[in-house]
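Asker: Dropping the sequence and predicted coords here.
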Amino acid sequence: MSLRPRQDSIDEAGQIFVDGNLIPPNDLPQIKDRALEFCQSQTRPIVLITSGGTTVPLEHNTVRFVDNFSAGTRGSTSAE
């Protein structure tokens with residue numbers, strides 16, 4: 001059993017990582033319920049477009065990572 005200290009970090013998007021694992025927000029069940037309710041209320045097909053920067057850890061301790069500094073311009077233009 002390892003007694004190493006826990007490594008917490010927060011990325012630029014405000015996502016919380018503990019020991020390299022993304023921690024979901026506390027209100028995730030409510031977010032899922034609202035999204036499902038919205039999807040079920042629509043009569044036409046729905047398309048989800050995500051955009052913006054991405055940070056991906058290269059190793060377990062998230063010391064090194066790959067980062068793209070996208071502002072999401074292409075995604076928002078595509079959505080319009």
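Answerer: Received the coordinates, thanks. Residues are numbered from 1 along each chain as shown.
Asker: who touches stretch 32-41?
Answerer: Taking contacts as C-beta atoms under 8 Å, 6 or more residues apart in numbering, the residues outside stretch 32-41 that touch it are I46. To be clear about C-beta, it is placed using only N, CA and C from the backbone, and glycine gets the same treatment.
Asker: Quick one: residues contacting T50.
Answerer: Counting by C-beta under 8 Å, 6+ apart, T50 makes contact with G75.
Asker: That one: helix or strand, and which one exactly?
Answerer: Assigned by DSSP states H and E, T50 belongs to no helix or strand.
Asker: State the pLDDT value of it.
Answerer: Looking at T50, its pLDDT reads 76.
Asker: Over to Q7?
Answerer: On pLDDT, Q7 comes in at 59.
Asker: go on, E37?
Answerer: You'll see E37 listed with a pLDDT of 94.
Asker: cool, V18 as well?
Answerer: pLDDT, V18: 69.
Asker: those strands in the chain, which residues are they?
Answerer: Applying DSSP state E to the chain gives strands spanning 8-10, 16-18, 21-23, 54-57, 65-68.
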